[in-house]
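Engineer: show me the folded form of this:
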Amino acid sequence: MIFARFDTEALTRVRFAISPMLESTASVSTLEDPARQAVHLPWVAHAQRLTGDLDLSPLRALKSSKIYNPDFINPPPSGPLAEFEDELALMVATPEDQIRAEVRRAYQDHAMPAALYPFVQDPRGAITALSDLMLSYWERSLAGHWPRIRSLLEHDILYRARQMADGGTRELFADIDPSVQWDDGVLQIDQCHDVELILDERGLLLVPSAFAWPKIMVVTAAPWQPTLIYPARGVGMLWSPEHASPPDALARLLGRSRAALLLALDSPRSTTELAGVLGVSHGGVSQHLAILHDAGLVSRRRVQRFVLYLRSPDGDALVESSS
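Structural biologist: Numbering: from 1, shown residues only. The predicted model follows:
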């Protein structure tokens, strides 16, 4: 059992973040054992074809210890929405002594896999090679799906933030996972090892995950920020087609494709995500969005490298009146 004890300062420093690198490393375990996470089977077949020639043995070995998995492959993100390349750079900057220490700790009680020898013998060369491997894996298997995954994780954070605003810390932790309990300033996390964690000005980082599902993961070792990685809500629907069926009146007014697009914009989405959701080409989505935007029915905003679209108040009113 992990006992994470909050003081007043720690309570003010609970924050959320999304980590594309965490999703990438966690997804490798899904490829290795798809039956364990059958919810991701629609993605597995696609990813296996695209990554079959990559030697993922170092990454698998770094994730397969029964007592501890090195934390340097998933450095806690410093901001709410990290970029994959920035997280890779942070991993590569890990001090050599720390790389050695974490790998040795993971296999202190049993034989170290040969794939991890370079991390002890030549940590700098090994971590650089790992970075190249992880970038290739990401670009082939997950980069194209990232807008859809990110949207799921963002929706989870919005839900948790509303819980915290409505009921405080107790409400926030009430349904993160059955293994997590809040009791009088102490967060109890049911794990196979015992840890007493004093949370101070470092606070606690909460990271929702699609590929960590269905288990909780906890980062407690220094120098990393204490982190709780938990299954995001709605993972079961992640790969389900979302072909919206607009009301007939709305379809007659706008055309069925634009009506379906407007209906899908009840939450912020990118053109790439909308194309996947509706089964329309990227170019077709862009054309329809331009017309809806010119008509004042959708708004748009840029978030780092992405442009997200959302129904405007006029768009909401039109959808509601036609329902």
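
Engineer: give me the helices and strands touching the helix of greatest length in the chain, please.
Structural biologist: Using DSSP state H, we find that the single longest helix of the chain is helix 146-172. Counting contacts by 3 or more C-beta pairs under 8 Å, 6 or more residues apart in numbering; DSSP states H and E, helix 146-172 packs against strand 14-16, helix 20-32, strand 204-209, helix 271-278. (C-beta placed from N, C-alpha, C; glycine too.)

Engineer: what is the orientation angle of it with strand 204-209?
Structural biologist: 130 degrees (axes from the mean of the first three to the mean of the last three C-alpha atoms, to 10 degrees).

Engineer: all numbers from here: first residue = 52
Structural biologist: With 52 as the first residue, the last one maps to helix 197-223.

Engineer: now helix 197-223 against helix 322-329, angle please.
Structural biologist: 90 degrees.

Engineer: what about the very next helix or strand once past helix 197-223, average pLDDT?
Structural biologist: Scanning forward in sequence from helix 197-223 by DSSP states H and E, the next helix or strand is strand 231-234. For strand 231-234, mean pLDDT is 85.

Engineer: go on, stretch 153-161?
Structural biologist: On average, stretch 153-161 scores 91.

Engineer: stretch 250-266 too?
Structural biologist: Mean predicted confidence for stretch 250-266 is 86.

Engineer: for that stretch, the distance to its chain's centre please.
Structural biologist: Distance, stretch centre to chain centre, for stretch 250-266: 10 Å (C-alpha atoms, centre = their mean, to the nearest Å).

Engineer: try stretch 307-321
Structural biologist: That offset, for stretch 307-321, works out to 23 Å (C-alpha atoms, centre = their mean).

Engineer: next, the buried residues of that stretch.
Structural biologist: Using 16 or more other C-beta atoms under 10 Å as the test for burial, stretch 307-321 gives 308-316, 319-321.

Engineer: among those residues, which ones are in helices?
Structural biologist: Using DSSP H, the subset of the buried residues of stretch 307-321 located in helices is 308-315.

Engineer: and these, which is closest to residue 147?
Structural biologist: Taking C-beta to C-beta as the measure, residue 147 lies nearest residue 315 of these, at 48.2 Å.

Engineer: shouldn't the closest one be in contact with residue 329?
Structural biologist: Yes: between residue 315 and residue 329 there is a contact at 6.4 Å, judged by C-beta atoms under 8 Å.
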